Every structure is written in C-alpha cells, then in structure tokens.
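Novice: I would like to see how this sequence folds:
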Amino acid sequence: MTVLITGADGYIGWPTSLRIASQTDDRVVLVDNFGRREWVSEVGSVSATPIADIESRLEAAEEVHGLTNLSFVEGNLTDRSFVDELLQVHEPETIVHAAAQPSAPYSQINGERANYTQHNNMQATRNLAWGVHENDLSDTHLIETTTTGVYGAPEFPIPEGGTTMENQGGRDDLPFPAMAGSWYHLTKSHDAANLRLAHKQFDIPVSDVRTAITYGAATEETAADERLATRFDFDYYFGVVAHRFAAQAIAGYPITVYGKGEQRKPFVSLEDAVEGLVELALADPDDRPDDLTVYNQVTRAISIVEIAETIADVGGEFDLDVAVEHFENPRDEDETHKMEIDNDRYADVIGGKDQDFESGIRDVFESLTRYDGTISAHEDRFLPGVLEDRIEDEG
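Specialist: The predicted model follows:
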C-alpha cells in the first residue's frame, strides 16, 4: 500500500507525514514544491521555528524515529503531466491532499495574488481528481483539507456537510451553502463542489475535511529533534490569530484585540488536526466511507477575547507580563457573532481526543520562547499599527 501526501513540507502536512509513516509499514510518498516557504519570504517574514531542508528532515526522521518508509518527490500539482506520472508510478491507495496557498490575506493583496491562489489551489485539486479517474485508481481514497471558512459566518448553526430542503415536490439533501469571504476561501468552496462532482461522475471515495483555524507549535514527532520541527508562522498574512497573539506576548507587546472581540471562530489544535487526518488515511478500506463525506475538523469555537486572555494568563507562567488591549476595529464584522458548528463525525474520527486550548497554548510558549529573537526581529509583521488598515478573514 502507498499513501501519497501533498503539501508534505507544510505546517500540517509535515507532522501528518511523520505520524502516518510511524503508524504503518506501507510506503509514504511526500510531494511538495516548497511554495509556502517562498510565499512567506515574499511578504518579508519567516517561520519562528527554524525549518530544515527536506533532505535533513528525512535524515532526521530515520535517525530519530527509525522511519525508512518515507520518500520525497518535488513537483507542482498544477502541472497535469507531473500529476499523471506521480499517480502512475506510485499508484496510491490513499491521497492526503494538504497542498494549497492557504492564506486569505495573501489572496487579497492584489489581483495577481488572487489569480495565483485560485489557479494554484483549484488546478491542483482538479488534476488529482481527474488523474485518479483517468489512471484507473477509482478506489483511491481522496482526502482533502479544505476549510471551515467556506461557510462564512452565518447566523444559524452549521451542519457537518449538508442540509435538507423540503417542499411540496419532496425532499433532498443539499450541500450547505458556501459563503466564503476571500479569494482563498472561494478556492476551497470550488474544490468542495468539484470533489462532489468527481465523486458523482467517477465514484471516487472522497473525504472533505474542512479544517478550522489550526494552532500549535509541535506534535510528539516534530518535537523530538529540531530538524523535525514544523513551521510556525506569526505574521499577518500566514499566522493565525492565536499565533500572532502569542508572538506579541513574547515580543513584549500588548495583545491587540479589535473591538469587543466576542465573536467566536472555529479552532482545532495541530495535534487534533494531525490525528484526524492520520485516522482517515489509515482506516481499513472496509471501514472508511465509500461516499463523499464532509468532516468539520473543529474541536471548539473560541472568542477572540478569550484567546487573548488565555494567552495572557499562560504567558504569566513563562514570566511574561502580558496585557490585553482593545483597539478600534478597522474591519466590518459582527464583534459578537456566536458561531455554532457541528462536528460529530470528526469527533468520532479522533475518538474523543481533544487537546484543550490552554494546554495547546502552553505548548506554543514552550516552543517559541526559544526563538524570541526571531519574533522580535520581525515585529513589524504583527504590530497593530501595521495592521489596522488591512482586512483579514482567516480560517
């Protein structure tokens, strides 16, 4: 058996690769074109944790964890001929598709980045879906990490995948409406629709894993050696709100909450996100869904102000004097929106495991306090004066 992981050099893709390889003797083929490293550099930022090159990562995986079943292929999934050759050579039974330009703010910079994001993300997914079909791999389980951001911020509870419409003519199950708020999130809305069509036309088993805002600095596997560290972005474009708040605390600045900050966002820890993908990827073929199944990869909804206050409290454990300050909100948003989102299927996948937010933030500080110099050197990437005139929609 072969598991193929795209975006395997990335924040979620790399720790997922390590855990899958550690839990199976099957081949685990990693694919990436190192785009995330280039995009972060382009906006003038860096990962707080130093990231080893892929050769060093693979060497460390073998030395530290004894993993001899990992291999790496460099290539661009928007190139159809590359995808076809990749699938023909390796014939994967499972594909974990984690490759994408993942930043909403990056996609909003200008038309060039919007076009790039949409072409890159959607072309890669279409190439994989058609490649699986045209290379006679219709039993291959295609798992894609999309995003809870496709839902937008509706005023009603979000189901896990679909809703039922009923009228005098009968009833039918329909996809939950996509109300994405950025050019990036729209790519995942289109991916979800394209995967639904691919399943209908090609009968490919598809798991659409709608990943929430993911926070955390390490997993058990990546923490074992510095060469195995996954990236930790803290800038405006690629760092999620919890990471930016933690960076502000470490750099000695107040945590900046826009407006009331009572709006709730969906979150999942890196540990829980990795665990869910691994469980889906290594599921017995007789047990995995043979349909198209949507999973809301979220463990809780947390308000922005609760995030700030938790980070301030935990920061005190590390001798950081952290204040929380409220700033005028430059964004047009409901500062009291209370998101409700179902996650029963995903909770079943991870078997009730659920890292609490406070312990996850404690792990973040334990990792990041070693790299306070890197964070302070790039403080212009997250300070409020730089950000107040920007519009962010993350998820």
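Novice: residues in contact with Phe267?
Specialist: 212-215, 242, 298-302, 357 (C-beta atoms under 8 Å, 6 or more residues apart in numbering). For the C-beta atoms, the positions are set from N, CA and C on the backbone; glycine is no exception.
Novice: Equivalent analysis for Ile307, please.
Specialist: Here Ile307 is in contact with 241-242, 245, 357 (criterion: C-beta under 8 Å, 6+ apart).
Novice: ok, now Thr125?
Specialist: So Thr125 contacts 97, 144, 191, 194-195 (C-beta under 8 Å, 6+ apart).
Novice: Please pick the buried ones from those.
Specialist: Burial by neighbour count, 16 or more other C-beta atoms under 10 Å: within the contacts of Thr125 this picks out 97, 144, 191, 194-195.
Novice: and these, which of them are in strands?
Specialist: 97, 144 (DSSP state E).
Novice: can you put the buried ones among the contacts of Thr125 in TSV and add pLDDT?
Specialist: Shown next, in TSV, are these (pLDDT from 0 to 100):
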residue	pLDDT
His97	98
Glu144	97
Asp191	96
Asn194	96
Leu195	95
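Novice: Dump the buried ones among the contacts of Thr125 to JSON lines, plus distance to Val257.
Specialist: Converted to JSON lines, the buried ones among the contacts of Thr125 look like this (distance: C-beta to C-beta, whole Å):
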{"residue": "His97", "distance to Val257": "35"}
{"residue": "Glu144", "distance to Val257": "33"}
{"residue": "Asp191", "distance to Val257": "32"}
{"residue": "Asn194", "distance to Val257": "37"}
{"residue": "Leu195", "distance to Val257": "36"}
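Novice: Of the contacts of Thr125, which pair is most distant in space?
Specialist: His97 and Asn194 (11.8 Å; C-beta to C-beta).
Novice: a helix runs through Leu320, doesn't it?
Specialist: No - counting by DSSP: H, G, I helix; E, B strand; the rest coil, Leu320 falls outside a helix, being coil.
Novice: follow-up on the earlier one: closest one of the contacts of Ile307 to Val150?
Specialist: When these are ranked by distance to Val150 (C-beta to C-beta), Val241 comes first, at 18.6 Å.
Novice: Isn't that closest one up against Ile213?
Specialist: Yes - at 7.1 Å, Val241 counts as touching Ile213 under the criterion of C-beta atoms under 8 Å.
Novice: quick one, phi psi at Gly239?
Specialist: phi -90, psi 130 (degrees, to the nearest 10).
Novice: Show me the shaky parts of this structure.
Specialist: 168-169, 330-332, 334-335, 383-395 (pLDDT under 70).
Novice: circling back: closest one of the contacts of Thr125 to Ile109?
Specialist: Asp191 (21.1 Å).
Novice: Centre of the chain to stretch 96-115, how far?
Specialist: 13 Å (C-alpha atoms, centre = their mean, to the nearest Å).
Novice: Please identify the buried residues of it?
Specialist: For stretch 96-115, the neighbour count (16+ other C-beta under 10 Å) marks 96-109, 113-114 as buried.
Novice: Next, give me the two most distant ones among these.
Specialist: Val96 and Ile109 (28.5 Å).
Novice: So what touches the one helix or strand Asp363 maps to?
Specialist: Secondary structure assignment for Asp363, by DSSP states H and E: helix 357-368. If you take C-beta under 8 Å, 6+ apart as the criterion, helix 357-368 is touched by 48-49, 215-218, 223, 232, 242-243, 246-247, 249-250, 267, 269-271, 300, 302, 307, 310-311, 313-315, 317-318, 320, 375.
Novice: about what we covered before: just curious, which of the contacts of Thr125 is nearest to Asp9?
Specialist: Taking C-beta to C-beta as the measure, Asp9 lies nearest His97 of those, at 14.0 Å.
Novice: what about Arg19, distance to Val150?
Specialist: Distance, Arg19 to Val150, by C-beta to C-beta, to the nearest Å: 26 Å.
Novice: What strands line up against the helix or strand containing Val209, and which way round?
Specialist: For Val209, the element it lies in under DSSP H and E is strand 206-211. As defined by DSSP bridges, the strand partners of strand 206-211 come to strand 141-145 (parallel), strand 292-297 (parallel).
Novice: now the very next helix or strand once past the first one, how far from the centre of its chain.
Specialist: Put plainly, it is strand 141-145. Following strand 141-145 in sequence order, the next helix or strand is strand 162-167 (DSSP H and E). Centroid separation between strand 162-167 and its chain, computed with C-alpha atoms, centre = their mean, is 29 Å.
Novice: Tell me the helix or strand right after strand 162-167.
Specialist: strand 170-175.
Novice: Tell me the buried residues in that next one?
Specialist: Residues of strand 170-175 classed as buried: Pro175 (neighbour count, 16+ other C-beta under 10 Å).
Novice: so what does it touch, helix or strand wise?
Specialist: Using 3 or more C-beta pairs under 8 Å, 6 or more residues apart in numbering; DSSP states H and E, the elements in contact with strand 170-175 are strand 162-167, helix 183-202.
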